[in-house]
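A.B. asks: Let me see the structure of the following:
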Amino acid sequence: MIKKHISIMWCVIVFILLVSCAYLFNYNTKNNESFYETSITSIMSIMSAIFISYYLVQLKNDERRNRDNIDRIISKVQSLISNTELIDASTKNAQAKSLLLQKSLANKLEYIKMNCSHEIKPDLEYICSEFEHLRELYGGHIHDNEYLIKSVDDFKKYIINIDDKCDSLHIKLYK
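C.D. replies: Presented below is the predicted three-dimensional model:
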């Protein structure tokens with residue numbers, strides 16, 4: 001990613017140098033002098049405008065990429081939270097897979113927390129809180145399969161709340 005950014009910057013610099021050299025070549029040929037007569041300050045102001053605009057465009061592109069990455073991770077959170085294996089405790093293998101999925105979901109939420117803007121922090125805190133409640137309910141009764149079956153409605157409530165807030169985050173990211 002950084003290499004791509006550096007290579008684009010070098011391309012812009014080479015382009016500016018080529019344009020400047022072509023300009024000086026045309027200036028020295030004395031063809032149509034009145035068209036090419038400009039001061040060095042005009043040339044410098046045009047070059048500075050090009051560099052500043054390039055920098056600002058790249059800055060916005062970096063912000064946009066960060067939002068796109070957060071949006072992609074939020075989509076993964078929604079897909080994981082919708083997975084029925086997230087709260088399955090029917091066998092030892094199912095319990096292990098469920099715990100792995102919950103850990104993966106917790107990691108994804110942590111990645112979003114580290115890179116998100118202040119506008120979405122309250123919704124993200126709500127999602128983390130609901131997820132912690134879900135994990136506590138599952139972890140506290142992981143060996144009591146009957147209780148987990150009876151608690152399906154509670155699990156669904158947490159899952160729906162998290163999924164709805166994720167939808168809200170998708171919208172808030174691009175406001």
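
A.B. asks: Kindly state the pLDDT recorded for residue 47?
C.D. replies: In this model, residue 47 is scored at 80, pLDDT.

A.B. asks: cool, residue 21 as well?
C.D. replies: For residue 21, the predicted pLDDT is 68.

A.B. asks: next one: the longest helix belonging to the chain to chain centre, how far?
C.D. replies: Criterion DSSP state H: the longest helix present in the chain is helix 40-81. With C-alpha atoms, centre = their mean, to the nearest Å as the basis, helix 40-81 stands 12 Å off its chain's centre.

A.B. asks: between the following helix or strand past it and helix 40-81, how big is the angle?
C.D. replies: Counting by DSSP states H and E, the next helix or strand C-terminal to helix 40-81 is helix 92-115. If you take axes from the mean of the first three to the mean of the last three C-alpha atoms, to 10 degrees, helix 92-115 sits at 160 degrees to helix 40-81.

A.B. asks: Over helix 92-115, what's the mean pLDDT, rounded is fine.
C.D. replies: Here the average pLDDT along helix 92-115 is 92.

A.B. asks: residues of it that come out buried?
C.D. replies: 95, 98, 99, 101, 102, 105, 108, 109, 112 (16 or more other C-beta atoms under 10 Å). Any C-beta I mention is one placed from the backbone N, CA and C, and that applies to glycine too.

A.B. asks: Just give me the closest of those to residue 51.
C.D. replies: residue 112 (33.7 Å; C-beta to C-beta).

A.B. asks: Okay, now the unreliable bits of the protein?
C.D. replies: 1-6, 21-39 (pLDDT under 70).

A.B. asks: could you redo the last one with a cut-off of 80?
C.D. replies: 1-12, 14-15, 17-44, 55-62 (pLDDT under 80).

A.B. asks: Tell me how it divides into domains.
C.D. replies: 2-61, 64-173 (automatic domain parsing).

A.B. asks: just these: most buried one?
C.D. replies: Scoring the domains of the chain by mean neighbour count under mean count of other C-beta atoms under 10 Å gives domain 64-173 as the most buried, with a mean of 15.
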